[in-house]
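Participant: following is a predicted model, sequence given first.
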Amino acid sequence: MGVLSPWFLVGLAGLGIPIYIHLLRRQTTTPRPVSSLMFFERGIQSSTRHRRLRYLILFALRAALVCLVVLAFADPYVQRAKVGANDRLLLLVIDNSFSMRAGTHFADAKQAALHVLASKLPSQRAQIITLGGQLEVLTQPIQDMQALRSALESIQPGDSRGNFGELGRGIRALNETAHAPIDLHLFSDMQKADLPANFADVVLPANVSLILHPVIQTAGQAPIPNWTVESVEAPSQLADQKDPKKSYARAVVAGYGTPAATRTVSLFINGKILATRKLDVSANGRASVEFSPLDVPYGFSRCEIRIDSADAFAADDASIFTVRRSDPERVLLVHQAIDSRSPLYFGAALAAAAESSFVMQSVSAEQSTDIDPTKYAFVVLSDALVLPTLFENALAQYVRGGGGVLIAAGTAAGHHAHIPILDDSVHHAHDYSRSIGFASVGQVDLTHPAMQQGGDEGKASADNTGWADLKFHYVSVVDPSHDRVIARLADGTPLLLDRQIGEGHVLFFASGLENLTNDFPIHPLFVAFIDHAARYLAGNEQLSGSRLVDSYIPLRASSARSSDQMGNIEIIDPEGHRPLSLSEARSIQSYQLKHSGFYQIRFSNGREALIGVNPDRRESDLEPIPDDILQLWRGTSGTQPVPAIHQTPATPENLKRASLWWYVMMLALAVAVAESIVAGYHLGTQREEV
């Protein structure tokens, strides 16, 4: 303990003031001779014989007050040790992303984490977290060594893609609730592909010290060579396995840090080898191989394309997918009796679609009374807005149960014409042929499944998609407030809308499917649109094919009413488990595919799906983060941590001063209050008889 302003201690001389008051200034009386006391009246005089103790208390309080005031101005302090190991949170983050399956990376990371955990002081708190696609907290900050070790040993490698940006966001959120400094130990392969595009996402708070434990070689050395099946292109649904345009599987084999080599590529169907090819892959390059035809049986087939294992990362040597073989599904086209063009154009486009598995049945609106729409993959209403009541009611029920309908409003859609299923009407129509000649498309939403004709994403101008070349002469105008607008004309008029009703979808095309109201049916873009729209309305895209780990698959419509959610959904994961509880099976709307393998799904409407799930192939590039980036990352994470093995030594460098000024002043205030109370008590004079 010490004082920062010792010269103020001279003020202790002020202690003489209460001493003078209580000792030197005593009241004295001089004796005087009196001849007789008989003329004095008996009276009462004050007595101080029993007040010496109280005066001493008052004296002590006044002396203490002077001492405390002087001491407060001297600014006393005590020396305390700076933050040591016991005061810091030991945070162990283990990377369990897919790339950690390479070689012994994950085992090495877990062993290193156990070693750091063993060096923890018994009174120090620690926490275990895993890093994959997102942070997963396994324990709270605790001191229990057995619980921490059990949590650490229970970690298994996952299939998600690593994301250091998620680590930065999670630690910043944790720092808002944790007040102690944090020693963050990261055990990872430090994969370069896991860095976010924005480096600011990985910057850690100033009180977090980052200690990296890489389990692979440092930058500057050659990365671990790795071959992988990077991608597979195959039809999700197959009707004619002899058609070479539809019955094929094309795979791309990529090498990362690899020499030129010849790889053996095999196609497996339901666990049996269907075909094998030899493929020459250039150094650190790519090569594609195709298997045709696909000899798959009816129903769902579990397919896999695998390369011979020649590296330390065998987990990415295969890519799985599913193919659903069935007879071509029927599509119902309802049109006006006098309309012969729309069945011709729509049927030709449906047959020409590259992955089409549909056959069209065409009927007039008058013939649709007794037709059951549930027997069709989807229904098209081509300028047939007046339907028999029985068929219209059945169609509405079909959509609520998960069916799809394409409605095209041609010239028959007059003013205030009722639109089936949508429970809406046509406000008016734009006849551009009588004014400006035609209107063109101004904007399309390429994120919609029915518009994905290229690699562009997001909302874009129609100029780079081919839609701007179309000419529309007649367009019906409807209220789009309840719909998703997929395409608009240059003047803002909605052209293509999507409305979700129950579990199903309705696409509304505000023009005709013949070449009278527009030239869309004779444009090459029409075939691509019908292809994507057909598979979207039929819902076959979510029944088979392949997905990436951590992607979501929709199970129910978010806008479905409670009455539409009575059916249960059943999911069987790759390990044969049913991850949904009974309550989740009745209400869940989407499910995240967290593991690689085959998922079996049974939807609430009775349809079944089999989906192959693969890890993100960006995890196959094992190139580590450059050393300069790692140094920069460490430099943004605060100061170097205090060693967790030893106590902080009591040296002057590790000590800090803690001022006691505030506490002394609070004590002086309390003494001043007590002195006032005692002094006030002594002001009253008690008198007694003598």
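Facilitator: Yes, it's here.
Participant: what does the model give Pro480 for pLDDT?
Facilitator: What the model reports for Pro480 is a pLDDT of 90.
Participant: which residues sit in contact with the spatially closest residue to it that is not a sequence neighbour?
Facilitator: Nearest non-adjacent residue to Pro480, counting by C-beta to C-beta, 6 or more residues apart in numbering: Pro494, 4.5 Å away. Any C-beta I mention is one placed from the backbone N, CA and C, and that applies to glycine too. Counting by C-beta atoms under 8 Å, 6 or more residues apart in numbering, Pro494 makes contact with Val477, Val478, Pro480, Asp483, Val485, Ala487, Arg488, Ala510.
Participant: next up, phi/psi of the last one, please.
Facilitator: Ala510 adopts backbone torsions of phi -80, psi 20, taken as degrees, to the nearest 10.
Participant: what's near enough to touch the residue most central in space within the chain?
Facilitator: Taking C-alpha atoms, centre = their mean, the centroid of the chain lies closest to Gln134, which sits 6.8 Å from it. The contact partners of Gln134, by C-beta under 8 Å, 6+ apart, come to Ser160, Asn163, Glu166, Gly170.
Participant: quick check, nearest of those to Gly2?
Facilitator: Gly170 (43.5 Å; C-beta to C-beta).
Participant: these two touch, right, Ile171 and Leu204?
Facilitator: Yes: the pair Ile171 / Leu204 is scored as a contact, 5.5 Å apart, by C-beta atoms under 8 Å.
Participant: looking at the two, which one has more neighbours?
Facilitator: Neighbours were tallied for Ile171 and for Leu204 using other C-beta atoms under 10 Å; the higher tally belongs to Ile171 (23 against 20).
Participant: check which residues of stretch 660-679 are buried.
Facilitator: By 16 or more other C-beta atoms under 10 Å, the buried positions in stretch 660-679 come out as Leu660, Trp661, Val664, Leu667, Ala668, Val671, Ala672, Ala674, Glu675, Val678.
Participant: average model confidence for stretch 100-117?
Facilitator: For stretch 100-117, the mean per-residue pLDDT is 93.
Participant: contacts for it, please.
Facilitator: Contacts for stretch 100-117 (C-beta under 8 Å, 6+ apart): 90, 92, 94-96, 99, 126, 145, 148-149, 152-153, 155, 157, 162, 185, 187-189, 213, 215-216, 224, 226, 312-313, 315, 622, 644.
Participant: among those residues, which are in strands?
Facilitator: By the criterion of DSSP state E, membership of these in strands covers Leu90, Leu92, Ile94, Asp95, Ala126, His185, Phe187, Ser188, His213, Asn226.
Participant: got a pLDDT number for the closest residue to Ser364 other than its chain neighbours?
Facilitator: Spatial nearest neighbour of Ser364, excluding adjacent residues (C-beta to C-beta, 6+ apart): Ala337 at 4.3 Å. Note on Ala337: pLDDT of 88.
Participant: now do the contacts for Ala337.
Facilitator: Counted by C-beta under 8 Å, 6+ apart, Ala337 has contacts Ser364, Ala365, Glu366.
Participant: please narrow those residues to those residing in strands.
Facilitator: Per DSSP E, the contacts of Ala337 map to strands at Ser364.
Participant: out of the contacts of Pro494, who's nearest Gly285?
Facilitator: Of the contacts of Pro494, the one sitting nearest to Gly285 (C-beta to C-beta) turns out to be Ala487, at 39.9 Å.
Participant: let's have the contacts of Gln134 in CSV, adding neighbour count, secondary structure and pLDDT.
Facilitator: Formatted as CSV, these follow (neighbours: other C-beta atoms under 10 Å; DSSP: H, G, I helix; E, B strand; the rest coil; pLDDT from 0 to 100):
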residue, neighbour count, secondary structure, pLDDT
Ser160, 24, coil, 94
Asn163, 23, coil, 92
Glu166, 18, helix, 92
Gly170, 18, helix, 92
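Participant: tell me the one among those nearest to Tyr345.
Facilitator: When those are compared for distance to Tyr345 (C-beta to C-beta), Ser160 comes out closest, at 45.8 Å.
Participant: for Ala315, see how far away that closest one is.
Facilitator: Remark: distance between Ser160 and Ala315 (C-beta to C-beta, to the nearest Å) = 13 Å.
Participant: what touches both of these two?
Facilitator: Phe98, Pro615.
Participant: what about Arg438, how many residues nearby?
Facilitator: Arg isn't right for residue 438; it's Phe. Residues near Phe438, counting by other C-beta under 10 Å: 15.
Participant: sorry, slip of the keys, the one I care about is Ser209.
Facilitator: Other residues close to Ser209 by other C-beta under 10 Å number 20.
Participant: what helix or strand does it sit in?
Facilitator: Using DSSP states H and E, Ser209 sits within strand 208-214.
Participant: now that strand against strand 89-95, angle please.
Facilitator: Angle, strand 208-214 to strand 89-95, by axes from the mean of the first three to the mean of the last three C-alpha atoms, to 10 degrees: 40 degrees.
Participant: give the other helices and strands that strand 208-214 contacts.
Facilitator: helix 105-118, strand 182-188, helix 627-635 (3 or more C-beta pairs under 8 Å, 6 or more residues apart in numbering; DSSP states H and E).
Participant: next, format the ones you listed as TSV and append distance to Arg586.
Facilitator: Below are the helices and strands packed on strand 208-214 laid out as TSV (distance: least, C-beta to C-beta, whole Å):
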stretch	distance to Arg586
helix 105-118	38
strand 182-188	40
helix 627-635	46
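Participant: among those, which is the most enclosed?
Facilitator: Of these, the one with the most neighbours on average (mean count of other C-beta atoms under 10 Å) is strand 182-188, at a mean of 23.
Participant: that strand - contacts with which helices or strands?
Facilitator: strand 89-95, helix 105-118, helix 164-175, strand 208-214.
Participant: check which strands are paired with the first one and give the direction for each one.
Facilitator: Just to be clear, that refers to strand 89-95. The pairing partners recorded for strand 89-95 under DSSP bridges are strand 126-131 (parallel), strand 182-188 (parallel).
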